[in-house]
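Colleague: with the sequence up front, the predicted model follows.
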Amino acid sequence: MRSTWSQKCLKGQGKRVIDRADTVDTLIAGTLGAGWTQTSSCRVASSYNALLNPILVLFQHDPHIAHAFLALSLSAYETLLKLQPCWDTLLVRRGSENAKANELRDGLRTLCDVCLHSFPKFLADIKRALLAKAVPGGDTSTGVADWIVSAVMYMDHLPEVHSAASALLLQLGETGTGKRVILEHFVFDVITTAINATCIQVMSYLRHHKVFSSTHDALLDLLSRPAQDAVNGNFCTAKAGYFDVNFSPLLQMLTDEPSNAKGRSSGRLMPPDARPAPHRHWARHRPGVPQRS
């Protein structure tokens, strides 16, 4: 009963840790846990399980948190995976009663499951956003959808956690030789899924941040030539569709002239000094006008 009550108390603290991670760099926050684990080897067996377990429970049972903090999960998984040999050496020194317990292995398994589920869920979230009902008559707003901003931030973090991401994608069945090729295939899947949105602001934002002004130079290496061609081609298509929807009615009004409107509007559009002078005999017969001799 005491352990269950302690876990409930720590669950709220774990939620505060996740809320705090939203305000700092998630990649740095993921490495801090491993650094704390490495410097506290004398109490790591009990403290690691007590403090990290509530956070892992939140990651495992709340898919929204897992998706929002995917970079944190990948960073923590990659850093803790490097400490596994040191952890195994430490566990050998424990007594036989705790020989089968391996807190780091359990935590890595939970983080691995979270990351494995997050890859296909990320693509599914993009497809779900694309299936949202569009505004009739075309989208004339200048705002950028939240899902494309999340997708760009997600791809910006991939070069920094490329080892963990490649290993996890390989478990999902991605084919390719080398970590770079595997990540290229996944980035291509994200790009081809996102470019199904033909609105100009989405394609312009994606093209600007991925092709021209990428956050990391290493991300350009992950952006294969077919992916770049797909982004550039769909940007041209989206731009043409935007102009067609928003400017075609205006051009039609300026170029089309009804056949019966020319004669009706010619007198009204003629300058006053160009109009013919009235006939003199018209003034002679007007009543009240003096007649000239």
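Modeller: Received the coordinates, thanks.

Colleague: the stretch 151-293 of the chain: helices as residue ranges?
Modeller: Here the stretch 151-293 of the chain has its helices, by DSSP state H, counting those that start in this stretch, at 162-171, 179-194, 200-207, 217-222, 225-255, 261-269, 280-284.

Colleague: nearest to residue 102, of those?
Modeller: helix 162-171 (19.2 Å; C-beta to C-beta). The way it works is simple: take the backbone N, C-alpha and C, and place the C-beta from them, glycine included.

Colleague: with only the CA atoms kept, save that closest one in CSV.
Modeller: C-alpha atoms of helix 162-171 as CSV (Å, rounded to 0.1, in the frame of the first residue of the first chain):
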residue,chain,number,x,y,z
HIS,A,162,19.7,9.8,-36.0
SER,A,163,21.2,6.8,-34.3
ALA,A,164,18.1,6.0,-32.2
ALA,A,165,15.7,6.9,-35.0
SER,A,166,17.5,4.6,-37.5
ALA,A,167,17.6,1.7,-35.1
LEU,A,168,13.9,2.0,-34.3
LEU,A,169,12.9,2.5,-37.9
LEU,A,170,14.8,-0.7,-38.7
GLN,A,171,12.8,-2.5,-36.2
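
Colleague: which helices and strands does that helix pack with?
Modeller: Secondary-structure packing of helix 162-171 (3 or more C-beta pairs under 8 Å, 6 or more residues apart in numbering; DSSP states H and E): helix 70-82, helix 103-130, helix 179-194.

Colleague: make CSV out of those and add mean neighbour count.
Modeller: Shown next, in CSV, are the helices and strands packed on helix 162-171 (neighbours: other C-beta atoms under 10 Å):
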stretch, mean neighbour count
helix 70-82, 23
helix 103-130, 17
helix 179-194, 19
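
Colleague: residue 233 is nearest to which of the ones you listed?
Modeller: helix 179-194 (11.4 Å).

Colleague: how far off helix 162-171 does that closest one point, in degrees?
Modeller: 70 degrees (axes from the mean of the first three to the mean of the last three C-alpha atoms, to 10 degrees).

Colleague: how about residue 120, nearest residue that isn't a chain neighbour?
Modeller: Nearest in space to residue 120, with sequence neighbours left out and distances taken as C-beta to C-beta, 6 or more residues apart in numbering, is residue 172 at 7.6 Å.

Colleague: close enough to count as contact, that neighbour and residue 118?
Modeller: No: using C-beta atoms under 8 Å, residue 172 is not in contact with residue 118, being 10.6 Å away.

Colleague: which residue is the nearest non-sequential neighbour of residue 102?
Modeller: Leaving aside its sequence neighbours, residue 102 sits nearest to residue 91 (C-beta to C-beta, 6+ apart; 6.1 Å).

Colleague: how many residues are close by the one you found?
Modeller: Residue 91: 18 surrounding residues under other C-beta atoms under 10 Å.

Colleague: please apply the same query to residue 245.
Modeller: For residue 245, the tally of surrounding residues (other C-beta under 10 Å) stands at 14.

Colleague: quick one: it and residue 203, what's the gap?
Modeller: Using C-beta to C-beta, to the nearest Å, residue 245 is found at 14 Å from residue 203.

Colleague: do the same with residue 129
Modeller: From residue 129 to residue 203 the distance is 14 Å (C-beta to C-beta).

Colleague: secondary structure element for the residue nearest to residue 102?
Modeller: Using DSSP states H and E, residue 91 sits in helix 84-92.

Colleague: residues touching the residue nearest to residue 120, list them.
Modeller: By C-beta atoms under 8 Å, 6 or more residues apart in numbering, the residues touching residue 172 are 116, 119-120.

Colleague: gap between it and residue 130?
Modeller: Remark: distance between residue 172 and residue 130 (C-beta to C-beta) = 22 Å.

Colleague: same deal with residue 193?
Modeller: According to C-beta to C-beta, residue 193 and residue 130 sit 8 Å apart.

Colleague: do the same with residue 147
Modeller: Applying C-beta to C-beta, one obtains 8 Å for the distance of residue 147 from residue 130.
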